[in-house]
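Visitor: everything below, folded, please.
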Amino acid sequence: MKKTKLYMDTVVDIQVVTEKSKDEAETKINRAFEAFQKIEHTCSRFSPDSELMKACQQIQIPVPVSPYLFEPLKFALEIAKWTDGVFDPTVGKLMEEHGFNRHYLTGDLIHSAAADSVNFRDIVLDEQDHTLYLQKPLVIDLGAVAKGFAIDLAANELKEFEGFVVNAGGDLFAGGTDGSINVWTIGIQHPEQKERIIQTIEISNEAICTSGSYERKSAKINGMHHLIHPKTKQSPNDWISCSVIAPFAMLADAFSTAAFLLGVDRGKALIEQADLKGILITSKLQIATVGGI
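Guide: So this is what the prediction gives:
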């Protein structure tokens, strides 16, 4: 059974392989889609009514937040520390300034207030009270973790099936087998020819997420795409595509972005240090693999 819906500016496909009844499968699939809806309503930078943007309006005040915001933000801050701020969830205002400020459904433009100089250290999370404290006005962007988090929540709803895939625009988790008792064969999109596959990989009970410079380009600034280095304020182009394979999607999502931002040597080293696997493609379409692929 397969169903498709649109969430988070992404086409989400959910496929299950099961001998259970159609009604039981459909109920679980709908619950999996609800995970995407929940994360979009919680973590969207584009909606002033999201829990994230409401929290960003409260400066120097401890704000209680739900686990659906606390957990991805906590993870993003851990990756920020690991990369010394190259991966930084406080890039929201910088993203706005570079033209990534239009809601995909309404077309509304957003313009947020933020201090001139901010970084991830201006965010303080209290583990005990589950509160968020902002030391300066800033805009949090969870684009590099929220979709992965939603995929993981959806996958958790489907784990009892013999096989399933939660695919959100090419970022996915594949569980079990494909119905022929085989692991899932996943294709990585060619960066320059959308209908072609440049590489395939076989996975089971793993996630693969890709960050690339070819999908979301700035309509405002020539040569800019949605992956922006927070220190140089430029879009790096050592890689054109970074795919990371990991035990869960939020990890793969964050590390694919971090590896892209870090460039060739540091990006590969990051994946190796985390004991993950990667398929990285240069702007000249040269393929590098990491982690024994």
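
Visitor: so which residues of this structure form helices?
Guide: Counting by DSSP state H, the chain forms helices over residues 22-43, 51-56, 67-82, 92-97, 146-158, 249-262, 264-273, given from the N-terminal end onward.

Visitor: among those helices, which comes closest to G179?
Guide: Each of those was scored for nearness to G179 using Cβ to Cβ, and the closest is helix 22-43 (13.0 Å). C-betas here are computed from N, CA, C, even on glycine.

Visitor: thinking again about what came up before, please convert the helices of the chain to JSON lines, extending it with mean neighbour count.
Guide: Listed next are these as JSON lines, based on neighbours: other Cβ atoms under 10 Å:
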{"stretch": "helix 22-43", "mean neighbour count": "18"}
{"stretch": "helix 51-56", "mean neighbour count": "20"}
{"stretch": "helix 67-82", "mean neighbour count": "19"}
{"stretch": "helix 92-97", "mean neighbour count": "20"}
{"stretch": "helix 146-158", "mean neighbour count": "25"}
{"stretch": "helix 249-262", "mean neighbour count": "28"}
{"stretch": "helix 264-273", "mean neighbour count": "17"}
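
Visitor: and the ones you listed, which one is worst for confidence?
Guide: Across the helices of the chain, helix 92-97 has the smallest mean pLDDT, namely a mean of 90.

Visitor: chain center to it, what's the gap?
Guide: The gap between the average C-alpha position of helix 92-97 and the chain average comes to 17 Å, counting by Cα atoms, centre = their mean, to the nearest Å.

Visitor: which helices and strands does it pack with?
Guide: Where contact means 3 or more Cβ pairs under 8 Å, 6 or more residues apart in numbering; DSSP states H and E, helix 92-97 is not packed against any helix or strand.

Visitor: CA atoms of it as CSV?
Guide: Written as CSV, here are the backbone C-alpha positions of helix 92-97 (Å, rounded to 0.1, in the frame of the first residue of the first chain):
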residue,chain,number,x,y,z
GLY,A,92,17.0,31.9,10.2
LYS,A,93,17.5,35.6,9.7
LEU,A,94,20.4,35.0,7.3
MET,A,95,18.1,32.7,5.3
GLU,A,96,15.5,35.4,5.2
GLU,A,97,18.0,37.9,3.9
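
Visitor: follow-up on the earlier one: of the helices of the chain, which is nearest I221?
Guide: Of all the helices of the chain, it is helix 92-97 that lies closest to I221, at 8.9 Å by Cβ to Cβ.

Visitor: re earlier: need the helices of the chain in TSV (columns: distance to L109).
Guide: Listed next are the helices of the chain as TSV, based on distance: least, Cβ to Cβ, whole Å:
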stretch	distance to L109
helix 22-43	19
helix 51-56	14
helix 67-82	24
helix 92-97	9
helix 146-158	21
helix 249-262	24
helix 264-273	32
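
Visitor: could you chop this structure up by domain?
Guide: For the chain, the structural domains run 46-134, 206-293, going by automatic domain parsing.

Visitor: gap between the last one and the chain center?
Guide: Mean-position distance between domain 206-293 and its chain equals 11 Å (Cα atoms, centre = their mean).

Visitor: burial check on the closest residue to Q15 other than its chain neighbours, number of neighbours?
Guide: Distance criterion Cβ to Cβ, 6 or more residues apart in numbering; nearest residue to Q15, sequence neighbours excluded, is K2 at 4.3 Å. Around K2 there are 11 other residues, counting by other Cβ atoms under 10 Å.
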